[in-house]
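Participant: For reference, the sequence and a predicted model appear below.
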Amino acid sequence: MSYRIGIDVGGTFTDLFLWSGDSDAETFKVLSTPQDPSLGVLAGLRAIAESRGISTAELAAQTSLIVHGTTVTTNAALTRGGARTGLVTTAGVRDALEMRRGIRERQYDNRYTNVVPLVPRRLRLAVPGRLDCTGAEIEPLSLEEVRAAARTFRAEGIDAVAICFMHAYADGRHEQAVAEVLREELPDAWLSISSEVMPTIRFYERVSTTVLNAYIGPVLRDYLASLLSRLSETGFGGILLIMQSNGGVALPEVVRSRPATTLLSGPAAGPRAAAAYAGALDHEDCLLVDMGGTSFDASLVRGGSAALSSDGEIDRLRIALPMLEIATIGAGGGSIGWIDAGGLLRMGPASAGALPGPACYGRGGTLPACTDADLVLGYLDPAAFAGGSLPLDLDKSRAAIAEHVADPLGLSVDEAAAGMYAVINTNMAFGVREVTIKRGLDPREFPMVVAGGAGGLHACAIAAELEIPTLIVPRTASTLCATGMLLSDLQHDFVRSCIGPLASIDPTVLAGMVDSMSGEGARQLTLEGAESIEHHVALDLRYLKQYHEVTVPIDAAAVVSGDLEAVAAAFHAAHDRLYGYDLADAGTGLELINVRVRSVGTTERPRLPRLEHGGPDASAARTGERRAWVPDRSRFESVPVYDGHALLAGGVIAGPALIERTDTTIFVSARYAATVDPLGSIVLQVREGGHA
Amino acid sequence: MPEPTIDKILVSILGRALKAITDEMSLTMEKTTRSPILCEAKDFVTGLYDAEGRMLEQTENLPILSFSLGPVCEFIAKKFAGRVYPGDVFFHNDVFTLGNQNNDVACFKPIFHGETLVAWAAAKGHMADIGGNVRGGYNPNATEVWQEALRIPAVKVYERGELREDVWDLIFANIRLDIVAEDMRAEIGACTVGERGLLALIDKYGLDVFERHKLALFDAARSMIEAEIRAIPNGEYKGEATIYFDGKNPGSTYQIRVTVRVEDERVTFDYTDTDPQTNGFVNGTYTSSASATVLTFLQMVNPDIPHNHGMIQPLEIVIPEGTVLNAAYPAATTFGNHLCPPNADAIIRALAPVVPERVTAGWNNLLCSLSTGDHPRRDDAYVDILFMGLKGGSGATCDTDGYDHIGMIDASGGILDQDYEMFEQMTPHRLLLHEYLTDSAGAGQYRGGLGVETRYVVGSDDTQIVTFGDGDVEPAFGLFGGGDGTLNRIELRLPDGEVRVPTSKDLLTGIPKGTLYVQTAGGGGGYGSPHERPAALVHKEVRDGVTSPEAAREQYGVAIDPDTLELDEATTAELRG
């Protein structure tokens, strides 16, 4: 027996997905252990071993692959719990990091404060030495000043140093010289060098990314060391891979050198699993929505892979490496309903969290949360929530809603709960628009894959809002990311700036850049045991005098052979698709900014287990009925309830209906009908005339 | 007949949906425009208005442009009444028919539901050129509007979906730069996005329901702002501020005088006592000045109030024609948007004694420069607005420090610095310094936002530099014992040793390569006695180098050893008494 295990460590739960052959896959959930997340990982492995009736050592010995998504770097950034970090930079520009180009995101709010920078000003040390924008040296680097900086850092007990100089994308020699001195003077410091982390033009983006990379570097290094040692204590001798923000996996030593690639390590795996479940129904593209306790995430899959972007931020800190494009809004089961000064009902972004939690948890919460509304509306079975481990108190929900929503608005508690449900669904639909309409895509053309514990209750309403005809709730909806981890390819992204009018770029220089990045990709992938390797080339191009580039995938052969006309044609087409026009006939020149290579290595992927076929009649799984709110008919009705675990493939259930599983409940609204597909997904399809 | 009901939940949903649509319109503008003023600095707004021109929602990247769209929409709706058809597109910039600035050209598109005109979509941005005597539009020598711009007093460029090519050609034959036509196409695109979104919304709920709930949405916003106004004691409050230098007469000054009258849930801003207009281009238009009033007041109330017609209903703004804030036809007015900072100062001074917890101290005023010339390495001309250099600090509030390097109050952090490396790629200049300016913040229990210093070396001969702005005579003021910020200044150190200091509205030509350009944007005003600021915080700021040991001692009464940077607690206690 050979096992493969996907492990997604989240804030509250550690999810595990165990694969042991075509017909056998199981998911597990254990509590996370934020003080040392590797303990939660071990607890998860013990839970799997127990369920199999074997010891942890036996499980470890039989496991060939563990893929791991971690939030340690995300949490370090969000809680400002990273390393004591210093910055060495070009004289004159040390404040760029803190200035953030002078933006205040809330223009009318004079109490809105700037982000506290990860490196305070006195530890942002400027050093003389300057290159121009072609990489030519204007002023030599002062090694004396570098040594002086090292002395300051030593006195301040610095653990990590970011090195970022003007125009280092064109030539990294000054940065390398600084690194050399720092390695001598501060041998224990973790170094983050901008020309290695992200050699691309735009100083603020690069300095912010390089500093973030330094800040979380020691955190990831220490965590991986602890995880590896715990795993080796169990006798695990297989391969450990780490999930990266770009949706690919890599060896620990690879991510350790660029820790900023792990900032979305957990959620980045979701799209891969969504693609697999949607792919089983012949959809290449899909939307993924994930609704948990405090936040709602929306992302997009196109052509079977996650949509990536280099425009990301984490907690208003800019990170310009390619990572999963994800819209996060403060909407979840814990989102609190309130009435604003104009008498309008709002939901969130404040959340009751896990403690005190929604009023119905009975843990001291008195404010009405989304879960309270869901309970009042009949969607949740108070006795069966979380597999019966957390009985819910309906009276507490009603009281909280009465006091804070229904009474102030002059509504009944039921009406108020239905209002809370409608408002939060509108908010979430807004998040879906962010990843679709914002990029000129029509959400109606994408099936929506629904993940997260609270997703199934709200998905129909969100989909109705956006007129989305098809929803897919996978069998592993509540542990979707752990599933995705086992399905992900090895992947490495490289980028370098090469700036100038396209017509004047020497094709051999371009080909040389592509070669050198592909070579590095191939080297890493070979190390990681990839079975087959592919390289994808893309260029960041714009019309001369434009300010925003478009990343255009280009046939590598066109680049290597110097076929710049093919390159231009691809750009014109992309510009037209995005912005509705091109200037192919106007003779406007193109300007090249960056060259990108994505190296992808594949290994054998596990197949998702299939469900036994049982025909359209699902009545055997019916367990009873419950009074529940049917929003598309604006009334309460007695709604049939089904046991989700008893359903067989091919089963058909017309809405309105409730399908209960231990980890999630799915509400099928009146305008949808559910069928069970061969992978066990509940597929909701709008009924004829449903969106009319 | 029973009263038609209002679904309170639907009102909430409608508000959110309208905001989503104007945001989408804004995104279309950001991604498709060509001029860096639009796609980098986001000097544009988008909005939706009902059939009568009442504001449904706006996305206000640069608030100073925002509050003239509704009045112009109303103007167009009336002027073309009975002659508005599906597929029409209107352009407008005319400052004597409620436009705010000549360069801010708006596009309006009527939205029809079936045969019925139900709403308007609008987008307006600052165009890189609008004809007139000077490229770019800032002409300090102008005395009348035709020397500044082409007037577009609302024309149809599309009728029933057909381009009126003759009209289009007439407009763009009078504008120097091709990208302006491209950027106006982007405005039309944004309006189309708005039209689609609003029609989908109306189709979903039905026109009757939409119309009814729209009014409820206005009511909700109105009741929110009325509650805020009721919390201000009734009375008449006066404030004053000075405009320095009209671009023509050295040493000239003009006073803005406002009387803020609060009566229960209504507030009037009366500028009757303001000085007469200038004979240059330093003049406001009614809507640029009224926008300044609205945006200043909105910063004093709950920032979450929805932006629609209801929000501005309780505000009355009286600006007699012929004053410097509302110049009479055919005056030059291109500088009008930049009268926002002194206008804001006058309002803040009027209200600070009554609602001290709502106001900020003074903000740094705008002083901007624009360089043009040849870019030898790229063998091309360049134009650069030095956004990074113009952004000083905001004023502090009673419980928050001012925001560092935010820029003038009319943008409030909506304009971004250009990237340093892109700056050196796109211009021949070399950046030497762009850092927080030590001791620029007005001292206080809460200090003002920091200003910045910018230095670059001019990279080619025969460079031309235009300056426009203010803030080089009077700094941002402190409040309640807080200190003033610092002044704006631009200085050119030529290779031959000559130092040229341009005025705040100037045109310098023939600047040689190798000239050192030095600009300081001042800090914002402080709030409350500096002696109340925690010594540990002052100590931290000295260690960070944004406050000098001397200023710590003299202004804050905090003794810090200039060599070791250690805090001397005993002396501090003595200094602070």
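Facilitator: That came through fine. Source: prediction; values computed, not measured. Numbers count the residues shown, from 1 in each chain, chains lettered A, B, ... in the order given.

Participant: What parts of the stretch 351-500 of chain B come near chain A?
Facilitator: B:360, B:378, B:387-388, B:391, B:394, B:397, B:399-401, B:403-407, B:411-417, B:419-422, B:424-425, B:430-436, B:452, B:455 (Cβ under 8 Å from any Cβ of the partner chain). Every residue, glycine included, has its C-beta placed from N, CA and C.

Participant: switch to 6 Å and redo it
Facilitator: B:360, B:391, B:397, B:400, B:403, B:405-406, B:412-414, B:416-417, B:419-421, B:424-425, B:432-433, B:435-436 (Cβ under 6 Å from any Cβ of the partner chain).

Participant: Can you pull out the low-pLDDT segments for the chain?
Facilitator: Using chain A. A:1, A:22-24, A:354, A:437-440, A:577-581, A:689-692 (pLDDT under 70).

Participant: Chain B, not that one
Facilitator: B:1-4.

Participant: the helices in it, which residues?
Facilitator: Using DSSP state H, the helices of chain B run over residues B:8-32, B:36-39, B:69-79, B:165-172, B:179-205, B:207-230, B:286-298, B:309-312, B:340-351, B:387-390, B:420-426, B:535-543, B:549-556, B:569-576.

Participant: which residues are contacting the fourth one?
Facilitator: With contact meaning Cβ atoms under 6 Å, 6 or more residues apart in numbering or on different chains, helix B:165-172 is reached by B:V155, B:V157, B:A181.

Participant: Run the angle between that helix and helix B:179-205 for me.
Facilitator: Inter-element angle recorded for helix B:165-172 and helix B:179-205: 120 degrees (by axes from the mean of the first three to the mean of the last three Cα atoms, to 10 degrees).

Participant: Check which residues of helix B:165-172 are buried.
Facilitator: B:V167, B:W168, B:I171, B:F172 (16 or more other Cβ atoms under 10 Å in any protein chain shown).

Participant: The second one now?
Facilitator: Using 16+ other Cβ under 10 Å as the test for burial, helix B:36-39 gives B:P36, B:I37, B:L38, B:C39.

Participant: how deep is the residue of the stretch 351-500 of chain A found nearest chain B tucked in, by neighbour count?
Facilitator: Nearest residue of the stretch 351-500 of chain A to chain B (Cβ to the nearest Cβ) works out as A:G419 at 3.8 Å. When neighbours are defined as other Cβ atoms under 10 Å in any protein chain shown, A:G419 has 25 of them.

Participant: That one sits in which helix or strand?
Facilitator: helix A:413-435 (DSSP states H and E).

Participant: Just the residues contacting that helix, thanks.
Facilitator: A:296, A:298, A:300, A:327, A:329, A:331, A:335, A:337, A:345, A:347, A:370, A:373, A:376-377, A:398, A:401-402, A:405-406, A:443, A:458, A:461-462, A:465-466, A:629, B:9, B:12-13, B:16, B:20.

Participant: Note down every partner strand of the helix or strand A:R596 falls within and its orientation.
Facilitator: Assigned by DSSP H and E, A:R596 belongs to strand A:590-602. Next to strand A:590-602 in the sheet, as set by DSSP bridges, lie strand A:490-501 (antiparallel), strand A:532-543 (antiparallel).

Participant: Columns distance to A:T483 on top of the buried residues of helix B:165-172, output as a markdown table?
Facilitator: Formatted as a markdown table, the buried residues of helix B:165-172 follow (distance: Cβ to Cβ, whole Å):
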| residue | distance to A:T483 |
| --- | --- |
| B:V167 | 59 |
| B:W168 | 56 |
| B:I171 | 58 |
| B:F172 | 56 |
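
Participant: So which of the strands paired with strand A:590-602 is nearest A:A179?
Facilitator: strand A:490-501 (18.4 Å; Cβ to Cβ).

Participant: got the buried residues for that closest one?
Facilitator: A:L490, A:Q491, A:H492, A:D493, A:F494, A:V495, A:R496, A:S497, A:C498, A:I499, A:G500.

Participant: for the fifth one, what are its contacts?
Facilitator: Okay, so that is A:F494. Taking Cβ under 6 Å, 6+ apart, one finds A:M517, A:V597 in contact with A:F494.

Participant: Kindly provide the distance from it to A:H536.
Facilitator: Here the criterion is Cβ to Cβ, to the nearest Å. By it, A:F494 lies 11 Å from A:H536.

Participant: One more: the fourth one?
Facilitator: Distance from A:D493 to A:H536, counting by Cβ to Cβ: 10 Å.

Participant: Show me the common contact partners of those two, please.
Facilitator: Common contact partners of A:D493 and A:H536 (Cβ under 6 Å, 6+ apart): A:R598.

Participant: mind giving me the domain split of chain A?
Facilitator: A:81-202, A:490-602 (automatic domain parsing).

Participant: Dump those into JSON lines; add distance to B:I229 as well.
Facilitator: Compiled in JSON lines, the domains of chain A are given as follows (distance: least, Cβ to Cβ, whole Å):
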{"stretch": "domain A:81-202", "distance to B:I229": "16"}
{"stretch": "domain A:490-602", "distance to B:I229": "41"}
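
Participant: highest average neighbour count across the ones you listed?
Facilitator: The highest mean neighbour count among the domains of chain A, using mean count of other Cβ atoms under 10 Å in any protein chain shown, belongs to domain A:81-202: a mean of 20.

Participant: That one: end-to-end distance?
Facilitator: Length of domain A:81-202, first residue to last, Cα to Cα, to the nearest Å: 27 Å.

Participant: How about it and chain B, any contact?
Facilitator: Yes: using Cβ under 6 Å from any Cβ, domain A:81-202 reaches chain B at A:92-93, A:95, A:99, A:101-104, A:107-111, A:121-122, A:133, A:201-202.

Participant: returning to that earlier point: only the buried subset of the contacts of helix B:165-172, as a PyMOL command please.
Facilitator: This is how PyMOL selects the buried members of these, with burial counted by 16+ other Cβ under 10 Å:
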select buried, chain B and resi 157+181
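
Participant: Spit out the contact partners of A:V211.
Facilitator: So, once contact is read as Cβ under 6 Å, 6+ apart, A:V211 ends up touching A:L87, A:L97, A:L118, A:V119, A:A162.

Participant: Distance check, the residue of the stretch 351-500 of chain B found nearest chain A against B:N337.
Facilitator: Of all residues in the stretch 351-500 of chain B, B:G413 sits closest to chain A, at 2.6 Å by Cβ to the nearest Cβ. For B:G413, the distance to B:N337 equals 17 Å [Cβ to Cβ].
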